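Colleague: coordinates only, sequence not included:
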């Protein structure tokens, strides 16, 4: 699986330098909305890698190589997890430094980064099974829907509730505990489901 992950990272770096640079800039600029958007949006990188795979007929080649279906599927999940985690760490570090020189409203606390990271994981868990079953082109409609609802709406809502000083304590606790728990549960269901759907799609 490590080789598959390296392949995806190499392709993305070669083909998407400007996009990756933009996500890094969004993660570090003194704007909570842009930082949250960058964290959640990095969860789309597995779909881009899958699109390149489809164009190059990689699934057919991978079927002749000593990779299991689990290796292929899990490599895409790990790619999304790493990208989302990297954006979260970068944003938290940048805002920690900028917070020393800028007003408090421009800094991003951990209470906002963690739910935003979890929203990215939820987006990955909900959409990757569809991509493995229908392919990137056919699954694009579902992907756009989840991007709008989760990356733009959900991440902003979670970030707002988490960082608002006047939000009810019970609601903050629900976001702080419920969103990570939901991300773990959905991920635990999503990975084996994607393996089964990918197998079905390959032998259809």
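Modeller: That came in fine, so what should we check first? What you are looking at is a predicted structure, and each value in this text was computed from that prediction instead of being measured.

Colleague: rest of the way, CA atoms for contacts and neighbours
Modeller: OK.

Colleague: need the contact list for the residue nearest the centre of the chain.
Modeller: The centroid of the chain falls nearest to residue 43 when counting by C-alpha atoms, centre = their mean (1.9 Å). The contact partners of residue 43, by C-alpha atoms under 8 Å, 6 or more residues apart in numbering, come to 80, 81, 83, 84, 120, 121, 123, 124.

Colleague: surely the second one is in contact with residue 122?
Modeller: No. The pair residue 81 and residue 122 fails to qualify as a contact (C-alpha atoms under 8 Å) at a distance of 10.4 Å.

Colleague: those two: which is more packed in?
Modeller: For residue 81 versus residue 122, neighbours defined as other C-alpha atoms under 10 Å are more numerous around residue 122 (25 against 20).

Colleague: pretty sure the more buried one sits against residue 187.
Modeller: Yes. At 7.2 Å, residue 122 and residue 187 qualify as touching, with contact defined as C-alpha under 8 Å.

Colleague: ok so, going back, once you drop chain neighbours, what's closest to the residue nearest to the centre of the chain?
Modeller: The spatially closest residue to residue 43, leaving aside those adjacent along the chain, is residue 80, at 5.0 Å (C-alpha to C-alpha, 6 or more residues apart in numbering).

Colleague: return the distance of whatever helix or strand that neighbour lives in from the chain's centre.
Modeller: Under the criterion of DSSP states H and E, residue 80 resides in helix 69-98. Its chain's average C-alpha position is 7 Å from that of helix 69-98, according to C-alpha atoms, centre = their mean, to the nearest Å.

Colleague: and the helix or strand following it, what's buried?
Modeller: Next helix or strand after helix 69-98 toward the C-terminus (DSSP H and E): helix 110-146. Neighbour counts over helix 110-146 (16 or more other C-alpha atoms under 10 Å) mark 111-133, 135-136, 139-140, 143, 146 as buried.

Colleague: now stretch 47-66
Modeller: In stretch 47-66, counting by 16+ other C-alpha under 10 Å, buried: 47, 49, 50, 51, 52, 53.

Colleague: how near is the second one to residue 113?
Modeller: The reference is to residue 49. Distance of residue 49 to residue 113, given as C-alpha to C-alpha, to the nearest Å: 25 Å.

Colleague: Serialize the buried residues of stretch 47-66 to JSON lines and add fields for secondary structure and pLDDT.
Modeller: Output for the buried residues of stretch 47-66, formatted as JSON lines (DSSP: H, G, I helix; E, B strand; the rest coil; pLDDT from 0 to 100):
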{"residue": "47", "secondary structure": "helix", "pLDDT": "86"}
{"residue": "49", "secondary structure": "helix", "pLDDT": "90"}
{"residue": "50", "secondary structure": "helix", "pLDDT": "90"}
{"residue": "51", "secondary structure": "helix", "pLDDT": "88"}
{"residue": "52", "secondary structure": "helix", "pLDDT": "88"}
{"residue": "53", "secondary structure": "helix", "pLDDT": "89"}
